[in-house]
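Quick one: sequence plus predicted model below, questions after.
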Amino acid sequence: MRTGFFVLFFGILVGIPAGRPAVAQPLLTLEEAVGMVTQRNYTVQTARNTARIAETNHARGNAGFYPTLSFSAGSNGSLANTRQQFIGQQPVNRTGAQTTRYNAGLQLNWTVFDGLSRLSTYDRLGAEAERAQVQLAATMEEVVAGTMVAYYGLIRLEQQRRVQEEAVALSEERLRIAELRRDLGSASELEVRQALVDLNTDRAALLRQEADLQNARAAFNRLLGRAGNPPFTVADTIVVDPSLSLEALLPTALAANPSLKLARTDQAVALYRRREVAADWFPALSLNVGYGYSFLDSESGFLSSSRTYDFTYGVTASYNLFDGFARSRREQTADLALRNAELAVEDTRIAVETTLRTLYTTYRVNLEQIALEQENLAAARLNVEIALERFRLGTISSIELREVQDALIRAESRLIAIQYEAKSAEVELRRLAGLLADGF
């Protein structure tokens with residue numbers, strides 16, 4: 001009997017579910033989940049399309065480097081009642097005289113010089129395309145970080161469910177011992193009822209834990225863009241990397257942090273906009289070439305028909321002498337926008353550094369807490385083993401056994417929680433430093 005008791009207790013401690021049939025579900029690894037979310041997540045797809053739009057707009061034609069060629073054609077007519085009197089001749093009367101005109105032409109225009117505005121515009125479009133790519137990378141890192149944290153959250157819920165299953169198994173063993181002691185006359189019916197109440201309480205908590213886990217799985221499937229809520233299981237442990245150092249993370253973050261890179265691309269866009277505005281102070285020079293055709297057919301007047309082919313060309317120089325100080329205002333606005341972009345870079349740099357230092361402190365404290373909670377858990381498990389044996393022998397009460405059992409559950413729950421918090425801090429540290437791909 002004593003040997004069977006310890007075999008059962010060992011099964012409880014390693015998390016063998018009591019009376020729970022195993023249901024095989026496909027394992028979804030973290031790498032697979034990240035691969036799915038980067039391809040299927042709607043936020044990532046939207047950011048990817050935005051980047052493609054910006055890349056498409058980065059073209060010399062959008063900046064005005066190429067000439068414009070236009071074609072036009074038309075026809076119009078008129079009906080007129082006329083009376084023409086010529087000297088020494090009889091009057092000529094026309095009723096409903098029709099006149100028809102046809103014309104067609106090609107026109108080529110090309111701006112030769114515009115104060116280097118086109119170069120600045122092209123550079124700005126390039127900076128906007130680069131910003132869109134940086135935004136895409138930042139969005140993907142945010143989504144991947146969220147996916148990783150959610151995945152570890154599922155592991156946490158799975159582990160917490162196993163803890164609750166242990167609680168049910170312990171309560172079932174406690175009820176069995178209480179009934180055995182009652183039958184032997186060494187325990188009262190009250191102890192049996194109290195053991196049954198605690199068992200039902202643990203079973204209800206296990207049901208709630210199951211519901212939380214199923215809801216979390218459904219939310220995770222939605223995050224991955226998977227329809228139909230397919231079943232899956234996740235890894236069974238959370239492994240925290242204790243090797244991260246602030247000295248290595250800080251310079252990397254200041255060079256590769258997504259938010260900081262976005263702020264720098266915004267600064268580049270503002271600089272090119274400022275150069276575009278500066279080009280308004282220069283004159284513009286353009287060339288134009290045209291070729292036209294026209295035909296006139298008239299039933300009245302001096303000409304009965306006329307056909308013309310013409311080739312036109314010209315050079316136009318223009319300069320806005322006064323525009324109500326609009327250029328000066330645009331220049332002042334562009335200067336302020338550029339200054340704001342520079343301030344945003346500095347503010348983001350300080351924010352990244354502060355956040356990194358704060359989060360790193362939390363990460364190190366979590367690592368120390370993990371070591372402490374592991375010691376506490378080992379002691380709590382030993383206490384439960386001793387308390388169960390003493391309860392079987394009748395040297396402690398049911399209430400004392402319950403207190404020891406609750407202490408074990410709390411120790412396991414604290415360890416699971418602190419491991420999850422430490423891993424979440426590690427993921428965020430890697431994201432801030434632009435090293436998220438190294439985290440799985």
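Ah, there it is.

Extract the C-alpha trace of stretch 32-47 and format it as CSV.
Presented in CSV, the C-alpha positions along stretch 32-47 are these (Å, rounded to 0.1, in the frame of the first residue of the first chain):
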residue,chain,number,x,y,z
GLU,A,32,5.5,27.5,-37.6
ALA,A,33,3.3,30.0,-35.9
VAL,A,34,5.7,32.9,-36.8
GLY,A,35,5.8,31.7,-40.4
MET,A,36,2.0,31.7,-40.6
VAL,A,37,1.5,35.1,-39.0
THR,A,38,4.0,36.8,-41.3
GLN,A,39,2.2,35.5,-44.3
ARG,A,40,-1.5,35.5,-43.2
ASN,A,41,-1.9,38.3,-40.7
TYR,A,42,-4.0,41.1,-42.1
THR,A,43,-2.0,43.9,-40.5
VAL,A,44,1.2,42.5,-42.0
GLN,A,45,-0.4,42.2,-45.4
THR,A,46,-1.7,45.7,-45.3
ALA,A,47,1.7,47.1,-44.4
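
The stretch 251-400 of the chain: helices as residue ranges?
Counting by DSSP state H, counting those that start in this stretch, the stretch 251-400 of the chain has helices at residues 258-278, 326-393, 398-432.

Any idea what T233 is bridged to?
L27 (DSSP bridges).

What is the neighbour count of it?
Using other Cβ atoms under 10 Å, T233 has 15 other residues around it. Just so you know, the C-beta spots here come from the backbone N, C-alpha and C atoms, and that holds for glycine as well.

That one contacts I155, doesn't it?
No. Using Cβ atoms under 8 Å as the test, T233 is too far from I155 to be in contact (10.0 Å).

Now the longest strand seen in the chain - C-alpha only, PDB.
Determined from DSSP state E, the single longest strand within the chain is strand 92-113. Only the C-alpha atoms of strand 92-113 are listed here, as PDB (Å, rounded to 0.1, in the frame of the first residue of the first chain):
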ATOM      1  CA  VAL A  92     -25.400  86.700-102.100                       C
ATOM      2  CA  ASN A  93     -27.800  85.200 -99.700                       C
ATOM      3  CA  ARG A  94     -27.100  81.900 -97.900                       C
ATOM      4  CA  THR A  95     -29.700  80.200 -95.700                       C
ATOM      5  CA  GLY A  96     -28.400  77.300 -93.500                       C
ATOM      6  CA  ALA A  97     -24.800  77.600 -94.700                       C
ATOM      7  CA  GLN A  98     -22.800  75.000 -93.000                       C
ATOM      8  CA  THR A  99     -19.200  75.400 -91.900                       C
ATOM      9  CA  THR A 100     -17.200  72.500 -90.600                       C
ATOM     10  CA  ARG A 101     -13.800  72.600 -88.900                       C
ATOM     11  CA  TYR A 102     -11.400  69.600 -88.100                       C
ATOM     12  CA  ASN A 103      -8.300  69.800 -86.100                       C
ATOM     13  CA  ALA A 104      -5.700  67.500 -84.500                       C
ATOM     14  CA  GLY A 105      -2.300  68.000 -82.900                       C
ATOM     15  CA  LEU A 106       0.500  66.600 -80.900                       C
ATOM     16  CA  GLN A 107       2.100  68.600 -78.100                       C
ATOM     17  CA  LEU A 108       5.400  67.800 -76.300                       C
ATOM     18  CA  ASN A 109       6.400  69.700 -73.200                       C
ATOM     19  CA  TRP A 110       9.500  69.300 -71.100                       C
ATOM     20  CA  THR A 111      10.800  71.200 -68.100                       C
ATOM     21  CA  VAL A 112      14.500  71.600 -68.500                       C
ATOM     22  CA  PHE A 113      15.300  73.300 -65.200                       C
END
